[in-house]
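Novice: Need coordinates for the below:
(one chain, ligands or ions: 1)
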Amino acid sequence: MEKKIRKSASDAAQKIIEWGEAEGLQTCFDRAQKLKPCPIGETGACCKNCHMGPCRLVGADAEEKARGICGATLPTVAARNMVRMIAAGTSAHSDHARDMAFTLLAVAEGEAKDFQIKDVRKLYKVAGILGIEFGNGRPVNDVARDVAKMLLDDFGRQKGFINYLNRAPGKTQERWKKWGIIPRSIDREVVETLHRTNVGVDHDPDHLLLGGLRCALADGWAGSMISTDITDILFGTPKPVKSEASLGIFKEDEVNLVVHGHEPTLAETIVDVVGEPEMIAYAKSKGAKGINLGGMCCTANEVLMRHGIPTAGGFTNQELGIMTGLVDAISVDVQCIMPAIAEMASKFHTKVITTSPKAMMKGAVHIEYDEHKSKEIARKIVKLAIDNYPNRKAKGSHITDKFPVIAGFSDEYIQYMQGGRWRGSYRPLNDAIMAGRVRGVVGLAGCDNPRVPSTGLHRYLAMELIRNDVLIVSTGCGSAACGTAGYLTPEMALENAGPGLREVCEAIGIPPILHLGACVDNSRILTIASAMAAEGGLSDEIGGMPAVGIAPEWMSEKAIAIGCYFAASGVPVIFGGESPVGASKEVTKIMTEVWFERFKGSLHFEPDPEKILALALQYIDSARGALKLRKYEPGRFGTERVLMDMAARREIERAGGKPHIGI
Ligand code: NFS
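Specialist: Numbers count the residues shown, from 1 in each chain. The predicted model follows:
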């Protein structure tokens, strides 16, 4: 009998996938099976930057001997491919940030009447960082206008450096200065990176990659950080909230509207509008009991973090959500929206609504968003979903299981939890790391991917890391993967964390996996790492901390930009899957060994999840050794107990926790 291979580690997702197979519906999982990656392009050996090619630099001694028609070597081609990904990823996060800055400006100038500054404290914090006058009777909107304008300078400045440079520890900045990678502004770095990869410009792989790091730093310390800060200012800095995660969040007797994509502004307004009595009455007039709002991907993370709106999951769940037959409308903005959803929606009653002037889709209804009339547009979208409710057909794979989730951790709240409003700090966490109660910290981030049993690598690593007393901070679809597995609860610490980590989680009152938000909120990790460096007792720069970044199922160019800004900031980063530059030994060496020497950070690609775990722990332990911290000893703290009994282990394996790679 043919062995059935799981396509998703989530039971809910797997059920829908199997239902879809029986119905003859094609999803990304089927396409991933049929469409094998081109082995030349997959490893970075294909150059199509001009039309003399595409040139494929292959062969046993390709590293030394292969040449493109212009004479480009394999390391040059691989490095160019890599930095193009960085530029594309940076442009995505940062263009999102640009819109946030324009929204803040519109609010400050009284032109976006549906929004107010919700978090004045955060506004003042940012104003303080930027050296903008605040308090003493200065109107809040004046401060907000100056903040917006100053942050907008980070996009087009020609000379100088980004505003937030000084938020990084001094030693980290010195490394950037030494290697010439302090970013001037976002647009300039993206343009220069693309220029350098044009035919006949920059040919030195190391130099190309340094340019890429400069661009990536503009993504992390400008684009993404700006987005996080302005979103907090406008909509509130997250505090822990309770919610749910699963494809089972949709309700049979209510209008189900999904917000999907990355930008929070319209979604925030939709959160307001679905609560309006007239809207609820309108939904009831169509036979529904109410309106149920859910999220997907990072727009979901934004409204989950601030309002506890449930999430249906990450990237690979989007078609599956429609296949429940319960989604009346899905409103999308930008990024990570599969073109496939329009086709899938056409087989159900679901309406797909595009809202960004930058992103349209055949088969979708376009209702263009404009922050100047946000509520009017949000009401149109909600009404469209309500009007579509009576068109629901019986067809669909209804799922009912769902998991509780605690989300909403920010740097500010984590500090608060470690000492209250006036004495918030990272002292308790730093002390716990120094003592070996907490072995280290891992940022578990990045996409979920249909080329592996989707979300399975996140689950496996999350479980194994906390068992090994490693505290996890998670973002993006990494968080969604943990949430839809039921891992984002404090009980996880009690049931599965190593004894030291469990003690610390109980003392501080945090779960062992902290959901920090969307992918742009990886910038929160930079802020936290800088604060931990300033707190003392560990490393005095980000580099050298017992900390690692892992993106086991990455697929987006944005993930590459994130991985590179962490590497340049001093964090060893491990990505899953085949290396997109694996064809070149030289480029691989630069990104691992050379970057580590210069920045104490690196970027590895490792398809085997057990090796990812081993490498992460090795980095953490060697950082502990270099810092002369107490040697980590498993089980030294807390009461001796069996960390995971056989039943728990079987449960994880059944859920795809120990996945086989490839399908
Ligand atoms: Ni990040 Fe968030 Fe998810 Fe990957 Fe896409 S939604 S921005 S890119 S797929 S984690």
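Novice: by contact count, what packs against whichever strand or helix holds residue 597?
Specialist: In this structure, residue 597 is located in helix 595-599 according to DSSP states H and E. Judged by 3 or more Cβ pairs under 8 Å, 6 or more residues apart in numbering; DSSP states H and E, helix 595-599 is in contact with helix 170-178, helix 557-569, strand 602-605. Yep, even glycine has a C-beta here, placed from its N, CA and C like the rest.
Novice: Now that helix: average pLDDT?
Specialist: Helix 595-599 carries an average pLDDT of 98.
Novice: Can you give me the buried ones in it?
Specialist: Applying a neighbour-count criterion of 16 or more other Cβ atoms under 10 Å, one finds 595, 596, 598, 599 buried in helix 595-599.
Novice: What lies in contact with it?
Specialist: With Cβ atoms under 8 Å, 6 or more residues apart in numbering as the test, helix 595-599 has contacts from 175, 178-179, 213, 543, 567-570, 572, 601-603.
Novice: Helices of the stretch 501-650 of the chain, residue ranges please.
Specialist: With DSSP state H, counting those that start in this stretch as the criterion, the stretch 501-650 of the chain has helices at 522-535, 557-569, 585-589, 595-599, 609-626, 646-654.
Novice: From the contact counts, what lies against the longest one?
Specialist: In other words, helix 609-626. strand 440-444, helix 456-467, strand 470-474, strand 547-551, strand 572-575.
Novice: so which of the ones you listed comes closest to the ligand?
Specialist: strand 547-551 (8.0 Å; Cβ to the nearest ligand atom).
Novice: just the angle between the longest helix belonging to the chain and helix 557-569, please?
Specialist: Using DSSP state H, we find that the single longest helix of the chain is helix 74-108. Using axes from the mean of the first three to the mean of the last three Cα atoms, to 10 degrees, the inter-axis angle of helix 74-108 relative to helix 557-569 is 100 degrees.
Novice: any idea of the mean pLDDT in helix 74-108?
Specialist: 98.
Novice: ok, and does that helix reach over to the ligand?
Specialist: No. Judged by Cβ under 6 Å from any ligand atom, helix 74-108 makes no contact with the ligand; its nearest approach is 7.5 Å.
Novice: following that helix, which helix or strand comes up?
Specialist: Past helix 74-108, the next helix or strand by DSSP H and E is helix 120-130.
Novice: can you give me the angle the helix or strand just after that next one makes with helix 74-108?
Specialist: Sequence-wise, the next helix or strand downstream of helix 120-130 (DSSP H and E) is helix 140-156. With the same axes, to 10 degrees applied, the angle from helix 140-156 to helix 74-108 works out at 160 degrees.
Novice: starting at the chain centroid, how far to helix 140-156?
Specialist: Here helix 140-156 is found 25 Å from its chain centre; the criterion is Cα atoms, centre = their mean, to the nearest Å.
Novice: what's the answer for stretch 25-40, then?
Specialist: So, by Cα atoms, centre = their mean, the centroid of stretch 25-40 is 23 Å from its chain's centroid.
Novice: Endpoint to endpoint, that stretch covers what distance?
Specialist: Stretch 25-40 has its terminal residues 30 Å apart, counting by Cα to Cα, to the nearest Å.
Novice: what about it and the ligand, any contact?
Specialist: No. For a cut-off given as Cβ under 6 Å from any ligand atom, stretch 25-40 has no contacts with the ligand; the smallest distance is 11.3 Å.
Novice: who touches residue 63 in this structure?
Specialist: Contact analysis of residue 63 by Cβ under 8 Å, 6+ apart lists 73, 74, 75, 583, 584, 585, 586.
Novice: Buried ones among those residues?
Specialist: Among these, those scoring as buried are 73, 74, 75, 583, 584, 586 (criterion: 16+ other Cβ under 10 Å).
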